[in-house]
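**Q** Let me see the structure of the following:
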Amino acid sequence: SSMEADQVRTYLKSIFDQVTHFIDIAQPAYLKPHGAFYSDTALILPDNWRTAIKKVPPPASAYEASNLYLAQFPGVHSLILLLRMTRLPLMGLDPTAHKEIAVRAGTELIREGFGDRGYQANGTLIPRGQIGAMLNQPADISEQVLRLAPEVDSICLHGDTPHCLEYAEMVFKTLTDAGYGVGV
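**A** Presented below is the predicted three-dimensional model:
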C-alpha cells in the first residue's frame, strides 16, 4: 500500500531526526539503515530501472514528480540526502539499490553479509516470519559466513538471535581459521 503525502513527510522527518540525532551522539564511521528503513532501501532494481516510469498515484513531492523509478521509494531519497549531508559510507546489501544509493550520494558502499539470516535467490533477505528467515544451526551459519566472506566487507549477526554471542565467537573463529582478517 502506498503512503499518503503527509505520511511520507512524517516518515522522512522521523528518519532524518533519528539518524541526525544518532550521528551527533555516536559519531559513527558509517551509516547503516536498520529495520524497515533497511528494507525500504534494500530494493532489487529491475533491469530497466534507469528508464522505468513509476506507476503510483500522483507525486507527493517535486522529487517524485521526476518520474524516476527510485523516486517512488521515499526512504531511498532520504538515505541519499543523509549520506550526502554526513559524507559517511553506507553499509548495505551490494546486489540491491544500496549500491546505487552510495554512488548517487558520492560515498563508499561497505558490502554487508548476514551470518544468521536466510537469503532469497535475488540476494535480499528472506522476510522475518517466513520459513528460512533465521539461521540457528552453527553449521548453517558457518557455511553461510564462508560463502559470503569473499563477497562482503562486513558480516552482521543480530543481537536478538538466541546464542548470538556464541555465534559471534564461532564466526570469528571460522573466518580467522579460513585466513580472513577480522577487525572492528
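
**Q** Toward the C-terminus, what is the element adjacent to the longest strand belonging to the chain?
**A** Counting by DSSP state E, the longest strand found in the chain is strand 109-114. The helix or strand immediately downstream of strand 109-114 is helix 138-148, counting by DSSP states H and E.

**Q** in that following helix, what counts as buried?
**A** Using 16 or more other C-beta atoms under 10 Å as the test for burial, helix 138-148 gives 141-142, 144-146, 148. All C-beta spots, glycine's among them, are computed from the backbone N, C-alpha and C.

**Q** just these now: which is nearest Ile15?
**A** Of all the buried residues of helix 138-148, Leu148 has the smallest distance to Ile15: 27.5 Å, by C-beta to C-beta.

**Q** nearest spatial neighbour of the closest one, skipping sequence neighbours?
**A** Gly113 (3.5 Å; C-beta to C-beta, 6 or more residues apart in numbering).

**Q** could you pull out the strands for the chain?
**A** Assigned by DSSP E, the chain shows strands spanning 90-92, 109-114, 154-156.

**Q** residues making contact with the last one?
**A** It stands for strand 154-156. 91, 110-117, 145, 148-149, 171, 175 (C-beta atoms under 8 Å, 6 or more residues apart in numbering).

**Q** Which strands border it, and is each parallel or antiparallel?
**A** Applying DSSP bridges to the sheet, strand 154-156 is found paired with strand 109-114 (parallel).

**Q** and the partner strand, how far from the chain's centre?
**A** 8 Å (C-alpha atoms, centre = their mean, to the nearest Å).

**Q** Repeat that for stretch 174-184.
**A** Per C-alpha atoms, centre = their mean, the centroid offset for stretch 174-184 relative to its chain is 23 Å.

**Q** Show me what the mean pLDDT comes to for that stretch.
**A** Mean pLDDT, stretch 174-184: 91.
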